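# The following comprises the amino acid sequence and a computationally predicted model.
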Amino acid sequence: MEETAKRVTRRRLRTRARLLQAAFEVFAAKGFGRVSIEEVCEAAGFSRGAFYSNFATLDELFFALYQERADLIAAQVTEALAQDGPGLDVPTAVDRVTEVLLLDVDWLLVKTDFLVHAARDPETARALLDHRARLRGAISDRLCRARGHTELPAVLGDVDGAAHAVVAAYDGVTVQLLLDKDVDAARAWLGQLLTALLTDGSRTPHDPAGTTTA
């Protein structure tokens, strides 16, 4: 009986994962608010019964999808900034953040829909604010240790101010990415912008000696 329960749990987890992936694809293609439960079920290859065994509403699925992706990004940033131990300086930390921050147009489309939804729904807004706070916390913790090797500009105030600047820079770069769809340019620009914000600008990402690269 216990083994049967485990199989049911595994099957339900697979069903939930397929629904979330299908929802991601449909939301990215059509936009939240223009998608029905039937469309998500069709994309996942399930019935409405499978949907309602995992989610009560489309809003609940949308929230779960955002939470899953947001948690993944926060974990990636935390892991990337934990590398190299205490010897990680600010320019290298910039490299780490630039490499792992998700710059995916489909995700940004879904994220933008979620932001607009959160602006009208206080509960959703609280969840979004909590995610952003955790992301800033991971960044500020690393910068606090890294600034012993590279001093942060005084204009930023403290590491919390620097973490706010990092997230704001990411937000700005992603707006441009949504319009021109140039991921490589967005990642390069993000690195340059973060370097300018967090150092005196004399060092660029992937250029620890401070030399100019072509």
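Perfect, I can see it now.
# going forward, measure contacts and count neighbours with C-alpha atoms only.
OK.
# And the chain, what are its domain boundaries?
What automatic domain parsing lists as the domains of the chain is 1-55, 63-198.
# now the end-to-end length of the last one.
With C-alpha to C-alpha, to the nearest Å as the measure, the first residue of domain 63-198 is 33 Å from its last.
# Please identify the most buried of the domains of the chain.
domain 63-198 (a mean of 18; mean count of other C-alpha atoms under 10 Å).
# Quick one: mean pLDDT over that one.
The average pLDDT within domain 63-198 is 80.
# center of the chain, which residue is that?
residue 73 (4.0 Å; C-alpha atoms, centre = their mean).
# Surely that one and residue 99 touch.
No. Residue 73 is beyond contact range of residue 99, at 11.6 Å (criterion: C-alpha atoms under 8 Å).
# what's near enough to touch the residue lying closest to residue 96 once chain neighbours are set aside?
Spatial nearest neighbour of residue 96, chain neighbours left out: residue 80 (5.8 Å); criterion: C-alpha to C-alpha, 6 or more residues apart in numbering. Taking C-alpha atoms under 8 Å, 6 or more residues apart in numbering as the contact definition, residue 80 lies against 96, 97, 100.
# So which of these sit within helices?
Among the contacts of residue 80, the members falling in helices (DSSP state H) are 96, 97, 100.
# Tabulate those (JSON lines), appending distance to residue 21.
Converted to JSON lines, the ones in helices among the contacts of residue 80 look like this (distance: C-alpha to C-alpha, whole Å):
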{"residue": "96", "distance to residue 21": "27"}
{"residue": "97", "distance to residue 21": "25"}
{"residue": "100", "distance to residue 21": "21"}
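# Nearest to residue 13, out of those residues: which one, please.
The closest of these to residue 13 turns out to be residue 100 (C-alpha to C-alpha; 26.6 Å).
# my guess is that closest one contacts residue 76, does it?
Yes. Here residue 100 reaches residue 76: they are 6.4 Å apart, a contact under C-alpha under 8 Å.
# Could you tell me the average pLDDT over whichever helix in the chain runs longest, please?
For the chain, the longest helix by residue count, based on DSSP H, is helix 2-30. Computed over helix 2-30, the mean pLDDT rounds to 84.
# Name the helix or strand for residue 130, please.
In this assignment (DSSP states H and E), residue 130 forms part of helix 122-146.
# Would you mind pulling up the elements that that helix packs against?
helix 58-81, helix 90-100, helix 105-120, helix 159-180 (3 or more C-alpha pairs under 8 Å, 6 or more residues apart in numbering; DSSP states H and E).
# Distance to residue 28 for the ones you listed - can I get that in JSON lines?
Shown next, in JSON lines, are the helices and strands packed on helix 122-146 (distance: least, C-alpha to C-alpha, whole Å):
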{"stretch": "helix 58-81", "distance to residue 28": "11"}
{"stretch": "helix 90-100", "distance to residue 28": "21"}
{"stretch": "helix 105-120", "distance to residue 28": "5"}
{"stretch": "helix 159-180", "distance to residue 28": "12"}
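# Tell me the spacing between the residue nearest to residue 96 and residue 59.
For residue 80 relative to residue 59 (C-alpha to C-alpha), the value is 32 Å.
# Also residue 47?
18 Å.
# Equivalent analysis for residue 180, please.
For residue 180, the distance to residue 59 - C-alpha to C-alpha - is 29 Å.
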